[in-house]
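Student: only geometry, no sequence info:
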């Protein structure tokens, strides 16, 4: 009975992350490993016991630290019901930076809801966090390749050691489910995509069946530590390993021709540093 909570967390994690739909005909592309960095600074304000509001600003770098990737601003609200259960919601403004255009474009707005459960094992804690997020992509882009509103479900299992006075080391594993990916219906002869009549073009939208596909497109693991310098100041250091498994559609803007349908796989490593001021 002592480990019932652990069993429930693990069972829930395994069950939720099985949501996946087989892919249609496609070609595979293996991406070169890449490394990047993240720097973040935030504020954490306690409103009443258990209720906190947070504000964070992040700067991301990619392309082996040679390129500026994005700015990200997050505003969150969380409530700790008790030592075992916590809920939260928030808004994230994402400003991707185009390395070719040297400008911010296709700004994104994200809303999320999350819930986490934690079990205690002496000085150790094991927690399962589920986050549902909706991301709206603004600007002009090909709607036959990606939906304007992306739906994701993140499942994160985290193990922490709380036996030290100021430092808390941790490790986590996370899966990200893409809930409304494009579903492609097209015949593939090994070279080109064909319609039922064997031609490369067909009626408008012939290749795109719907945006109801689901699959796991991120496998993430991180190791790090949180350092509480004093009552107000906190530092965090971590390394994040991110294995990408994306289905990428390349189609014309009219939705009459599928140029390619690939599955891109690759590894992204990220070094991160964070600072939080509590008040």
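Tutor: Great, that's in hand. Owing to the predicted nature of the structure, the values given are computational and were not obtained by experimental measurement.

Student: show me the helices in this protein, by range?
Tutor: Ranges of helices in the chain, per DSSP state H, are 4-16.

Student: what residue is smack in the middle of it?
Tutor: residue 176 (5.7 Å; Cα atoms, centre = their mean).

Student: got a list of what the closest residue in space to that one that isn't next to it in sequence touches?
Tutor: Leaving aside its chain neighbours, residue 176 sits nearest to residue 218 (3.7 Å; criterion: Cβ to Cβ, 6 or more residues apart in numbering). (Glycine included, C-beta is placed from N, CA and C.) Residue 218 makes contact with 174-176, 242-245, according to Cβ atoms under 8 Å, 6 or more residues apart in numbering.

Student: any chance of these in CSV, plus distance to residue 265 and pLDDT?
Tutor: Formatted as CSV, the contacts of residue 218 follow (distance: Cβ to Cβ, whole Å; pLDDT from 0 to 100):
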residue, distance to residue 265, pLDDT
174, 17, 98
175, 15, 97
176, 14, 97
242, 12, 96
243, 8, 97
244, 7, 95
245, 5, 95
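
Student: and which of those is nearest residue 31?
Tutor: Checking the contacts of residue 218 against residue 31 by Cβ to Cβ gives residue 244 as the nearest, at 7.1 Å.

Student: skip the chain neighbours and tell me the closest residue to the closest one.
Tutor: Going by Cβ to Cβ, 6+ apart, residue 244 has residue 266 as its nearest residue, at 5.2 Å.

Student: what's the neighbour count on the one you found?
Tutor: Neighbours of residue 266 under the rule other Cβ atoms under 10 Å: 15.

Student: relative to residue 234, how far out is it?
Tutor: 33 Å (Cβ to Cβ, to the nearest Å).

Student: I figured residue 264 hits residue 27, correct?
Tutor: No: contact criterion Cβ atoms under 8 Å: residue 264 and residue 27 do not qualify, at 9.9 Å.

Student: count the neighbours of residue 165 for me.
Tutor: Per other Cβ under 10 Å, the neighbour tally for residue 165 reads 7.

Student: over to it: give its phi and psi.
Tutor: phi -70, psi -40 (degrees, to the nearest 10).

Student: with residue 230 instead?
Tutor: The phi/psi pair for residue 230 (degrees, to the nearest 10) reads phi -160, psi -170.

Student: contacts only, for the residue nearest to the centre of the chain.
Tutor: Neighbours of residue 176 in contact, by Cβ under 8 Å, 6+ apart: 152-155, 216-218, 220.

Student: nearest residue to residue 178 in space, please, no chain neighbours.
Tutor: residue 217 (4.7 Å).

Student: which residues does the residue nearest to residue 176 bridge with?
Tutor: residue 176, residue 244 (DSSP bridges).

Student: roughly how far does it sit from residue 258?
Tutor: As judged by Cβ to Cβ, residue 218 and residue 258 stand 24 Å apart.

Student: now do residue 70
Tutor: Taking Cβ to Cβ, one finds residue 70 at 29 Å from residue 258.

Student: those two - which one has more neighbours?
Tutor: In terms of neighbours (other Cβ under 10 Å), residue 258 is the more surrounded of residue 70 and residue 258; the figures are 26 against 16.

Student: residue 185 versus the residue lying closest to the more buried one once chain neighbours are set aside, what's the distance?
Tutor: Nearest residue to residue 258, sequence neighbours excluded (Cβ to Cβ, 6+ apart): residue 207, at 4.1 Å. According to Cβ to Cβ, residue 207 and residue 185 sit 6 Å apart.
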